[in-house]
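A.B. asks: Provide a 3D model corresponding to the input given below.
(2 chains)
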Amino acid sequence: MMKQFKNLGLMLLVALMAMPVVQAADDELIVYSGRSDKFVKPVIKAFTQESGIKVLLHSAKSTALLNKLKVEGERTQADLYLSNDAGNLQLGSDMGLFQPLPASVTDVIDPKLRAADGSWVGLSARARVLVANTGVDTHFVTSIFDLADPRLKDRIAVTHSGNGSFIAGVTVYMEAAGIEKTRNWLKGVKENAGGRTFDKHSKVVKAVASGKRSVGLVNHYYIYRHLDKKPDAPIKIIVPDQGEGEMGVAWNVAGIAMSKYSKRKAAAEKFVEYLVSKKGQQLFAEVNREYPARKGVAASAEIPPLEGIKVAPVAMSELGKQRNATIDLLEAVGMP
Amino acid sequence: MVIKQFSILSGVTGVVVLIAAIPLLFVLYSSFQLSSERWIGLWSTRLPDLLANTLWLGVVVAIGCLLLGVSSAWLIARRQFAGRTLALWLMVLPLAIPTYVFAYIYTSLLADDGWLGMAWVALFGEWLAIPDIYTGWGAAFILSLAGFSYVFLLARVSLMQASPSMEEAARMQGATPFEVFWRVQLPLLRPALAAALAVVVLHVLSDFGAVSMLQYQTFTLSIYTQMEGRMDHQAAAGLSLVLVMMSLTFLVLERFFRNRQRYFSSSRARRFQARKASGHELVLIWSCLGLIALFAFILPLIWVLHWSWQAWSEELIGTEFWDYTRNSLLLGVIAASATVIVALPVALYHTRIRSWLSSCYLHLSSVGFVLPGPVVALGAITFVLTQLPLLYGGMVVLLMALVVRFLPLAVQSQEAALQQLTPSIEQAGRVLGAGPLENLWRVTLPMVRGGMVTAWVLVFIDVLKELPATLILRPIGYDTLPVRIWIESSEEMLELAAPAALMLILATLPALWIMMRAERSRC
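C.D. replies: Down below sits the predicted model:
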């Protein structure tokens, strides 16, 4: 017995001694990141090589990190907040968690893709597109509103309505096409999905590729991710709502903001400047085949060129302001 | 003297319980800010469905765990057969797999191009669709596989320790084997089963991993949605409060049924001799246990190995995996040790003194387990930032949250062990002149060593698997294995999530081994 206790004590002691120094070094930038590590690490690596500044990624869900920032207040260790959803960035901005970025950063980014007060900037954009099976006749599908077409009964694939990208998309439709049209559309989608939603975008693409479903609603890069693995998959992209008088494709950005209580402001600014530089933009967007937010930086050659695309005229900041209204609508319709 | 001893114990217990109740206070505080209209809104729109779904899931999983756990425990405790040790391990190993990994694996196995999906189509063709796992039944299936081991462990010990004389007496009176099981063994098993089911049901109520992956709306999932989707802490707190009341009601009921009967195991002079299994019994036993093991461990293991191999051959595994493993182990050891130590006074107090206060303490200490991880996390952050701001930034907040979360596990198993102590042994110690502390150290603790080790291992395993609180509270850059699994699987990188899951299973093995060894020496 005594021996066991001694062993336990010893183990504890060893554990405590081995406890890593968790306090980040003073010159190390801390980024709360809601974006996949895999898509952030390449640009961080390049930045560290160039500037000598180390960057520590603290990854978790975007929203959870925003909650954390809010609760921590001035005691936060975070210098920057990176999110895949403009809605979260705007919410953080509304809660007063950020400080304005320098003009050198905001000026190079399209005003539609950043906060009006410069509290956050978009870094890369993704389009909410349709994926269709090439073996099935889907000529009548040119708009996301066609997903509610009765001809597509039990033939569409969508993620469940708790998905952040789904919510952001619906916010755009609500703003661009009106709440009533969106409500009716949601009812139709619910009907056509046949009570079955998917938990991941990759599964939406998979269901379409296998022919189980004919059309799916996804972020554009999921299509190319699937094609990476299966180049012969019978799927094609439909950029929706491009016709005369139509609203244009829904857009969302990944972006970054600086914590109001950052203690390494100079380094944080440097990092953001690097992210919006031509090289940084290329690195940041390319790994996930998104559209760089800075004009004049080329997107990956595989995706439809930006020039020909009409984008729904909804300011990204609305994605934050209208999010609760969107969730209310989704709940009222009873979207699964 | 006795009075003084108890008042110290009571004081220490009070402090522990107070810390454990911090998240509850946070919930109470936040939900008081919820206006009455919004309460009514919650009641009329969300609560009925959530209540129904959550209760249904709890009941179905409890039944599932009982069936799987009791049958496997009975077979292993009462029959001697080839490969018994292996079978024992196979029944315990599912504990090493977190529910979110289980759910992840089964969603991919049951996909059209998954192994089970393809096998199903080959077997049944088109006329029987692949079972849909995105349902309540799917969630119940996953949670039963992930939880039945708790029932197995406690039922097995109880079956082995039961005195054979009662069963023999029943047989002599002419009872059939089934009657013996139903009327003698099962009633004797009741305290163990009640304790195990409490653990299982609390796990179900607080589970986030499986229900979120399968999109089955329970309280915990809905609290997440409120908190993360809408950033609405008040509604989340309101729902949490209902969840806590529900769990407390359940716990009080469980206690009520357990307290009505207490058994003291007396002499251990005569132990059960497990009968040797005959040839066809052996086949039956193994097909039953093998089927359970196949779904609960072997299939997931093969899947994890397959994808880990994929990652290995693509050279995706770097040295950082060792850091994640080390971080996980370190956190597990510290948190489990702290929890077991902190839980001892609570368990001791409740075993020694049966009063309104001690029951109150006991139930309050179990609140952390049912509150969803992020709620506990936010409660802990808020408390530390406002009361002890200097401690913020390191491990303290995370440790506090983990201790609060898993305290009831440690209290439960230590208390179960303490209850089996015949009071006369301790009285003998005192009569022979040992002081209260010496008595605790030299008589009580050695006798409940098994229970303490079990408590430590159970907490260690749960800490190792814990995701939501760790994700929010871990020190900057301190990634653990579950955190990595979550990060990789949220971007659907199977190859990268699998090695972390494999390391998690491997890291659990030594702890399970310690527990099984302690159990062997005890019995």
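A.B. asks: hey, let's count contacts and neighbours off CA atoms from now on
C.D. replies: Will do.
A.B. asks: OK, contacts around residue 192?
C.D. replies: Assuming you mean chain A. By CA atoms under 8 Å, 6 or more residues apart in numbering or on different chains, the residues touching A:Asn192 are A:147-150, A:152-156.
A.B. asks: hmm, I had chain B in mind actually
C.D. replies: Counting by CA under 8 Å, 6+ apart, B:Ala192 has contacts B:151, B:154-155, B:158.
A.B. asks: repeat the analysis, applying 7 Å as the threshold.
C.D. replies: B:Ala192 makes contact with B:154-155, B:158, according to CA atoms under 7 Å, 6 or more residues apart in numbering or on different chains.
A.B. asks: show me what counts as buried in the strand or helix carrying it.
C.D. replies: Here B:Ala192, judged by DSSP states H and E, is contained in helix B:186-206. Neighbour-count burial for helix B:186-206, counted by 16 or more other CA atoms under 10 Å in any protein chain shown, picks out B:186, B:188-206.
A.B. asks: and for B:Ala296, the neighbour number?
C.D. replies: Neighbours of B:Ala296 under the rule other CA atoms under 10 Å in any protein chain shown: 27.
A.B. asks: hmm, it is touching B:Leu143, no?
C.D. replies: No: assessed by CA atoms under 7 Å, B:Ala296 is found out of contact with B:Leu143, at 10.2 Å.
A.B. asks: which residue ranges of chain A form strands?
C.D. replies: A:29-33, A:55-59, A:80-83, A:98-99, A:120-133, A:156-157, A:215-219, A:235-238, A:250-259, A:291-292 (DSSP state E).
A.B. asks: which one of those strands is the most hemmed in?
C.D. replies: Using mean count of other CA atoms under 10 Å in any protein chain shown, the stretch among these with the largest mean neighbour count is strand A:156-157, at a mean of 30.
A.B. asks: so what are the sheet partners of that one and their directions?
C.D. replies: strand A:215-219 (parallel) (DSSP bridges).
A.B. asks: quick check: angle from the partner strand to strand A:120-133?
C.D. replies: Put simply, strand A:215-219 runs at 160 degrees to strand A:120-133, going by axes from the mean of the first three to the mean of the last three CA atoms, to 10 degrees.
A.B. asks: how is the chain divided into domains?
C.D. replies: No chain was given, so I picked chain A. Following automatic domain parsing, chain A resolves into domains at A:28-124+A:253-304, A:126-250+A:322-333.
A.B. asks: not quite, I wanted chain B
C.D. replies: Split by automatic domain parsing, chain B gives B:1-33+B:316-523, B:48-261+B:276-309.
A.B. asks: of all those, which lies closest to A:Asp107?
C.D. replies: domain B:48-261+B:276-309 (30.5 Å; CA to CA).
A.B. asks: gap between the two ends of the closest one?
C.D. replies: 46 Å (CA to CA, to the nearest Å).
A.B. asks: from B:Phe124, how far out is the residue nearest the centre of chain A?
C.D. replies: Nearest to the mean C-alpha position of chain A, by CA atoms, centre = their mean, lies A:Asn84 at 2.7 Å. Separation of A:Asn84 from B:Phe124 (CA to CA) stands at 42 Å.
A.B. asks: just to revisit the earlier point, next, format the strands of chain A as JSON lines and append mean pLDDT.
C.D. replies: Shown next, in JSON lines, are the strands of chain A (pLDDT from 0 to 100):
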{"stretch": "strand A:29-33", "mean pLDDT": "95"}
{"stretch": "strand A:55-59", "mean pLDDT": "91"}
{"stretch": "strand A:80-83", "mean pLDDT": "96"}
{"stretch": "strand A:98-99", "mean pLDDT": "96"}
{"stretch": "strand A:120-133", "mean pLDDT": "96"}
{"stretch": "strand A:156-157", "mean pLDDT": "95"}
{"stretch": "strand A:215-219", "mean pLDDT": "96"}
{"stretch": "strand A:235-238", "mean pLDDT": "95"}
{"stretch": "strand A:250-259", "mean pLDDT": "96"}
{"stretch": "strand A:291-292", "mean pLDDT": "94"}
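A.B. asks: could those strands go into TSV alongside distance to A:Leu65?
C.D. replies: Shown next, in TSV, are these (distance: least, CA to CA, whole Å):
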stretch	distance to A:Leu65
strand A:29-33	7
strand A:55-59	8
strand A:80-83	8
strand A:98-99	13
strand A:120-133	16
strand A:156-157	30
strand A:215-219	23
strand A:235-238	33
strand A:250-259	12
strand A:291-292	24
